[in-house]
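Visitor: 3D, please:
(2 chains, ligands or ions: 2)
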Amino acid sequence: MSAFVALDGVSHTYGARGGSTGGTLAVDGLSISVNTGEFVAVVGPSGCGKSTLMKLATGLQFPFKGTVRIAGNVIDRPVKIAGMAFQAPTLLPWRTTLDNLLLPLEIVEPHRQEIRRRKADYVARAEKLLASVGLNGMGSKFPWELSGGMQQRTSLCRALIHEPQLLMLDEPFAALDAFTREELWCVIRDLHAARRITVILVTHDLREAVFLADRVFVMSQRPGRILVERPIELPRPRDLDIVYTPEFSEIVHELRGHIVRARQ
Amino acid sequence: MTRQDFFIRAAPWIYTIAMFAIWEAVCHIFSIPVFFLPPPTAIADAFVEYWGPIYRNSIFTLSTTMIGFGLAVGFGLLLGLLVGWSRTIYAGLYPLMIGFNAIPKVAVVPILVLWFGIGFVPAVLTAFLISFFPIVVNVATGLATIEPELEDVLKALGASKLDIMRKVGIPRTLPYFFGSLKIAITLAFVGSVISESIASNYGIGNLMLQAQAQFQVPLIFAGLVALAVEGIVMYWLMAILEARMTGWAQRSGFAQT
Ligand SMILES: Nc1ncnc2c1ncn2[C@@H]1O[C@H](COP(=O)(O)OP(=O)(O)O)[C@@H](O)[C@H]1O
Ligand SMILES: [Mg+2]
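Guide: Ligands and ions are numbered 1, 2, ... in the order given. Here you go, the predicted structure:
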């Protein structure tokens, strides 16, 4: 299997004036490699550089040391293929849910050339995607007419509408209640299974990481680097009930131990 | 329509009529001399008697104000977009604009007169100068407060700066822009009237100055009322425009009861 996203000995500083002096050293000597179609979760203490890892992997920030490769190519500008979703849904309040979903298609090549001509196709695609996350018929609603969970589903759909090869999720479920969160775990699980896209999920919920991921990475305190890599060999497809099995608890427990040690 | 709805609709009229009634009563009860504070009935008489000059000068003031305001909207929008576009332009222009805004505009009028003579042009320019600042600041604020996460989402899709501006920046700036128009139009009246009272042979400002020289106190107040009416009508038009253009931004029920 080939590495799709590879960070190699990457160090990044915020607010430095030239090179590495001054400013905040966010990550230092960070190496991680994610295979095509793999689901990877990154956990770690808050402020350790998880979001920075996301930004580095998508070319939104550039390291002063080390290299970032996507599909073998060194990244020197923002990637054009990644879907991203964050803790806040960041939907545009002046657009309906459907028009929010169409936003990426107005930007990504080659869709932006074709969206006028093939509007009906794209609308159909968006409606299908909405239905697949349980939002049938919600397309005409404005974001503020949706619940928090529905907004977050819409945000996920927006990250997926252009069928990206890479999906970056930065604590996307952190602001939701427990039931909605578990529902959305299943939504993501099914989307990943259906499309085999590469997913990098940042979370501080260890159960979420173990339930969804093929491998879990534990990061150190800031400046962040990878402390532990833990393959999750639970069979797929995973049912929600799996979180109540002893094997599952054991893995969560083990990871928890790593985090506790990382925080010391 | 419930009772409450009815009173909300009627409230502006009831309050205004009440204010004038109290004013009238106070003038009579305390026998206030007309040349000190004329009662509303005396002002109304002045309106009838001097309707011709009041009308002509009101139109003059309205046109200088609106032309100055129009310039302010154009320049303000352009400058606001420019300042919001680039941090370098922002850093360079902001201190200049703050300093410029801090200058009392009444102090600029003599210079404008020196350059353009008295009358129409200085009134337009004063209205423009005084009203374009809030537009610039509001437009730039709208652009500067784009959520960084949203920017990241779009950049990771390959969006250019222009894309982000068109799809997010400008739409989200509109409520700030239309909100600033209400402030700007009010200021524009201040500007044109200042200039007219200092350096013009026309306009309500000039009319009031002449009335003062001739001690026609009811006419001074009639000029004030004419200005107030113009100000209210223009403000109201801007508010309607704002509600029309940015309905999505006004969904709070906070002040609706
Ligand atoms: N835009 C920024 N400017 C300056 N410092 C930042 C910025 N973003 C993050 N940092 C700093 O970098 C470190 C890592 O941040 P982040 O990657 O957001 O952590 P996490 O997502 O793990 O909570 C933190 O100490 C944070 O204060
Ligand atoms: Mg973070």
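Visitor: the bottom helix or strand of the chain by mean pLDDT?
Guide: You didn't pick a chain, so chain A it is. Ranked by mean pLDDT, DSSP states H and E, the weakest helix or strand in chain A is helix A:111-114, scoring a mean of 85.
Visitor: my bad, chain B
Guide: Using mean pLDDT, DSSP H and E, helix B:87-102 stands out as the lowest-scoring helix or strand of chain B, at a mean of 87.
Visitor: from memory residue B:46 sits against residue B:221, does it?
Guide: Yes - contact status for residue B:46 versus residue B:221: in contact at 7.3 Å, counting by CB atoms under 8 Å. (C-beta placed from N, C-alpha, C; glycine too.)
Visitor: where do the contact lists of the two overlap?
Guide: The contact sets of residue B:46 and residue B:221 overlap at residue B:38 (CB atoms under 8 Å, 6 or more residues apart in numbering or on different chains).
Visitor: and residue A:217, what are its phi and psi?
Guide: Dihedral angles of residue A:217 (phi, psi; degrees, to the nearest 10) stand at phi -110, psi 130.
Visitor: same question, residue A:108
Guide: phi -70, psi 130.
Visitor: who's in contact with residue A:181?
Guide: With CB under 8 Å, 6+ apart, residue A:181 has these contacts: A:173, A:205, A:208.
Visitor: and with 10 Å instead?
Guide: Residues counted as contacts of residue A:181 (CB atoms under 10 Å, 6 or more residues apart in numbering or on different chains) are A:149, A:152, A:172-175, A:205, A:207-208.
Visitor: out of these, which one sits closest to ligand 1?
Guide: If you rank the contacts of residue A:181 by distance to ligand 1 using CB to the nearest ligand atom, residue A:174 comes first, at 10.8 Å.
Visitor: Count the neighbours of residue A:99 for me.
Guide: 17 (other CB atoms under 10 Å in any protein chain shown).
Visitor: hang on, I meant residue A:207
Guide: 17.
Visitor: Then residue A:182?
Guide: Neighbour count for residue A:182, taken as other CB under 10 Å: 17.
Visitor: and if you look at residue B:12?
Guide: Look at residue B:12: counted by other CB under 10 Å, it has 10 neighbours.
Visitor: Give me the distance between it and chain A.
Guide: Distance, residue B:12 to chain A, by CB to the nearest CB, to the nearest Å: 29 Å.
Visitor: One more: residue B:143?
Guide: With distances taken as CB to the nearest CB, residue B:143 is found 15 Å from chain A.
Visitor: on that earlier part again, I'd like to know which of the contacts of residue A:181 is nearest to chain B.
Guide: Taking CB to the nearest CB as the measure, residue A:172 is the one of those closest to chain B, at 11.0 Å.
Visitor: Not counting residues beside it along the chain, what's closest to the closest one?
Guide: Of all residues not flanking residue A:172 in the chain, residue A:85 sits nearest, at 4.6 Å (CB to CB, 6 or more residues apart in numbering or on different chains).
Visitor: which residues sit in contact with the one you found?
Guide: Neighbouring residues of residue A:85 by CB under 10 Å, 6+ apart: A:152-160, A:167-173, A:188, A:201, B:149, B:153.
Visitor: 7 Å instead?
Guide: The neighbourhood of residue A:85, defined by CB atoms under 7 Å, 6 or more residues apart in numbering or on different chains, consists of A:155-156, A:159, A:169, A:172.
Visitor: how about it, phi and psi?
Guide: Dihedral angles of residue A:85 (phi, psi; degrees, to the nearest 10) stand at phi -140, psi 140.
Visitor: re earlier: now tabulate the contacts of residue A:181 in JSON lines and tack on pLDDT.
Guide: Shown next, in JSON lines, are the contacts of residue A:181 (pLDDT from 0 to 100):
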{"residue": "A:149", "pLDDT": "89"}
{"residue": "A:152", "pLDDT": "92"}
{"residue": "A:172", "pLDDT": "91"}
{"residue": "A:173", "pLDDT": "89"}
{"residue": "A:174", "pLDDT": "87"}
{"residue": "A:175", "pLDDT": "83"}
{"residue": "A:205", "pLDDT": "91"}
{"residue": "A:207", "pLDDT": "94"}
{"residue": "A:208", "pLDDT": "95"}
